[in-house]
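A.B. asks: Here is the input, now give the coordinates:
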Amino acid sequence: MTFHLARRTFTTTITLLNGVPIETVSKMLGHTKISTTQIYAKVVEQKGSQDIMKLQEKLSAIEFNRKSVNS
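C.D. replies: Numbering: from 1, shown residues only. All right, here's what the predicted structure looks like:
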């Protein structure tokens, strides 16, 4: 495993896929610009799916609460 691959694996698998914000990852990697971190932080389909599911859950909860109040 190369250093570059280890950094990319850490960035995507260990941090981003576990909900650590890219700003935090950027600081952990010692980057001064988020754009530098984005080189390592390839956006994986799984992360996008997780984010959409969280958004759907939040929107459903808001809708449920709104209906409960109006009933």
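A.B. asks: can you give me the strands for the protein?
C.D. replies: Under the criterion DSSP state E, the chain contains no strands.
A.B. asks: Show me the shaky parts of it.
C.D. replies: For the chain, the stretches with pLDDT under 70 are 42-46, 71.
A.B. asks: now with 80?
C.D. replies: Low-confidence segments of the chain (pLDDT under 80): 1, 40-48, 69-71.
A.B. asks: can you give me the helices in it?
C.D. replies: Assigned helices in the chain, in chain order: 3-9, 22-28, 34-40, 45-70 (criterion: DSSP state H).
A.B. asks: Nearest to Thr15, out of these?
C.D. replies: Taking CB to CB, helix 22-28 is the member of these nearest to Thr15, at 4.8 Å. (Glycine included, C-beta is placed from N, CA and C.)
A.B. asks: Now do the closest one: which elements does it pack against?
C.D. replies: Applying 3 or more CB pairs under 8 Å, 6 or more residues apart in numbering; DSSP states H and E, one finds that helix 22-28 makes contact with helix 34-40.
A.B. asks: other SSEs contacting the helix it packs on?
C.D. replies: Contacts defined by 3+ CB pairs under 8 Å, 6+ apart place helix 34-40 against helix 22-28.
A.B. asks: count of residues packed around Thr9?
C.D. replies: 13 (other CB atoms under 10 Å).
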